[in-house]
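Asker: Next input, structure requested:
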Amino acid sequence: MSRRLTGKVAIVTGAGSGLGAGASMRFAAEGAAVVVTDIDLKAATKVADEIQRRGGTATHLCVDVTSEADSAMMAATSAEVYGQVDVLYCNAGIPAVGTVLTAGLAEWNRALSVMLTGTWLSMRAVLPAMVDRQAGSIIVQASLAGIVGVKALAPYTAAKSGVIGLARQAATDFAPYGIRVNAICPGDVPTPLMIGTLDRQIAAGLKTSRTHEEGLKSRAIHYPLGRLGTAEDIASMALFLASDESSWITGQQFIVDGGFSATHSGINRGEKKEGG
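Answerer: Predicted coordinates for the structure are as follows:
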């Protein structure tokens, strides 16, 4: 049985840890040549080296997704090394907390710059080659926070909502060229980004938990499947969207949340039960 991404080349941004690292490993295991990018070159190198250690194909790049020059370099280097780009997974993200009143302008601008503008710049960099080849799959990392309001996450929620809209628009514009664009909306997955967000919320008095370990435990009880997500859970959805198995799917948002959004507990009700 052939692997699902054999012969494909995939770029993953923010791939030095968390969901990006998990997807990079999974893509490589399924036969893709993976371009592991991150603003932290050491982290990207570590993931690429691990892929190679396991017998996969990978290279690493230091990429600041807010930089148009870096994004262009990412696309050009990927094409130079591997000859093409079949998949782009826009995963780079940062913690961003606060309400409309309490979030500072710098944090607001940084959140939109990394998560929304960064996604736009990454798309712009790879789309011309995908248009020429009349094929490609672009996956954007959104969030449940892009669909529903979450207490004191205004910059993050705004950025993720924008990412969903951008994916839908790009799917509409580039479907005639055989290019698919879809968004993944994960629930809580204890990645460095999520833990960083919890730590900042606790420090700002937005959580009653004393540690992020307590915060994660209090979140898990609200999931019908009885646990938080894992990087592997999200990588499985990303793999499906990257593969030809999803060849008639575009412009969609896929909620991967262990049933959380199907219940009546809700994100903000969960906060109240915790005491916040």
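
Asker: Does I255 lie in a helix or a strand, and which?
Answerer: strand 253-256 (DSSP states H and E).

Asker: what about that strand, average pLDDT?
Answerer: Strand 253-256 shows a mean pLDDT of 98 in the predicted model.

Asker: any idea of the pLDDT on the residue lying closest to T77 once chain neighbours are set aside?
Answerer: Leaving aside its chain neighbours, T77 sits nearest to L61 (6.1 Å; criterion: CB to CB, 6 or more residues apart in numbering). Yep, even glycine has a C-beta here, placed from its N, CA and C like the rest. At L61, the model reports a pLDDT of 98.

Asker: Where does L61 fall, secondary structure wise?
Answerer: Element membership for L61, per DSSP H and E: strand 57-62.

Asker: Check L127 too.
Answerer: Per DSSP H and E: L127 is located in helix 118-133.

Asker: Under the pLDDT cut-off, which ranges of the stretch 101-250 of the chain? List them.
Answerer: The stretch 101-250 of the chain contains residues with pLDDT under 70 at 201-202, 206-210, 215.

Asker: Mind giving me the packing neighbours of the longest strand along the chain?
Answerer: As assigned by DSSP state E, the longest strand anywhere in the chain is strand 179-186. In terms of contacts (3 or more CB pairs under 8 Å, 6 or more residues apart in numbering; DSSP states H and E), strand 179-186 is packed against helix 118-133, strand 136-141, helix 154-174, helix 231-242, strand 253-256.

Asker: partners of that strand in the sheet?
Answerer: Strand partners for strand 179-186, identified by DSSP bridges, are recorded as strand 136-141 (parallel), strand 253-256 (parallel).
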